[in-house]
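Just a sequence and a predicted model for now, questions to come.
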Amino acid sequence: QVQLVESGGGLVQAGGSLRLSCRASGRTYTVFGMAWFRQARGKEREFVAAENRSGGVTYYADSVKGRFTISRNNANTLDLEMNSLNPEDTAVYYCAADQGTILSRMMGEYDYWGQGTQVTVSS
């Protein structure tokens with residue numbers, strides 16, 4: 001089992017920045033890819049960014065490319081630096097981890113999920 005705990009959410013004005021962190025514990029040696037997803041109220045959960053174990057491969061959603069940066073500092077920590085935030089970025093952000101061998105943007109490929117952290121961007 002792998003446990004994931006997110007932190008760093010909060011309220012920020014449009015144009016501002018936030019940094020989210022996800023800490024993994026348990027059988028982290030089994031984790032290959034880690035990712036961030038988000039879910040706005042009344043909408044489906046969507047992919048934000050993902051990085052593989054070595055950090056050599058990263059994926060971003062088009063909506064955040066150039067504004068968000070994902071970084072896997074070690075096998076147990078995943079960060080998301082969010083800049084130039086706008087109200088459309090308001091959502092609960094979830095950290096996810098998978099035990100596969102190919103980095104994925106698909107929610108169904110991820111085996112473990114954190115409880116989420118709220119990010120609210122005011123206009």
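Structure received. Bear in mind that the values here come from a model prediction, so they are computed numbers and not experimental data.

Helices of the protein, residue ranges please.
In the chain, no helices are defined using DSSP state H.

what separates the spatially closest residue to T117 that is not a sequence neighbour from G108, distance-wise?
Excluding the flanking residues, the one nearest T117 by Cβ to Cβ, 6 or more residues apart in numbering is G9, at 3.4 Å. C-beta here means a position set from N, CA and C on the backbone, and glycine is covered the same way. Distance of G9 to G108, computed by Cβ to Cβ, to the nearest Å: 24 Å.

ok, the two, which is more surrounded?
More crowded of G9 and G108, by other Cβ atoms under 10 Å: G9, with 18 against 7.

hmm, back to that, and the residue nearest to T117, how far from A40?
For G9, the distance to A40 - Cβ to Cβ - is 13 Å.

The residue nearest to T117 and Q118 touch, don't they?
Yes. Checked against Cβ atoms under 8 Å, the pair G9 and Q118 is within contact range at 4.8 Å.

Next one: Q39 relative to G66, how far apart?
From Q39 across to G66, the span is 22 Å (Cβ to Cβ).

For this protein, name the helix or strand with the lowest mean pLDDT.
Within the chain, no helix or strand scores below strand 68-74, which has a mean of 91 by mean pLDDT, DSSP states H and E.

where do the strands sit along this structure?
2-7, 10-13, 18-26, 33-39, 46-51, 58-60, 68-74, 77-82, 91-98, 112-113, 117-122 (DSSP state E).

The ones you listed into CSV, with extra columns for distance to S104 and mean neighbour count?
Output for those, formatted as CSV (distance: least, Cβ to Cβ, whole Å; neighbours: other Cβ atoms under 10 Å):
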stretch, distance to S104, mean neighbour count
strand 2-7, 16, 18
strand 10-13, 28, 13
strand 18-26, 17, 18
strand 33-39, 6, 24
strand 46-51, 7, 22
strand 58-60, 8, 17
strand 68-74, 14, 16
strand 77-82, 15, 21
strand 91-98, 7, 23
strand 112-113, 14, 18
strand 117-122, 22, 17
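
These: lowest mean pLDDT?
With a mean of 91, strand 68-74 has the lowest mean pLDDT of these.

related to what we said a few turns ago, give me the helices and strands touching the least confident helix or strand of the chain, please.
Judged by 3 or more Cβ pairs under 8 Å, 6 or more residues apart in numbering; DSSP states H and E, the packing partners of strand 68-74 are strand 33-39, strand 46-51, strand 58-60, strand 77-82.
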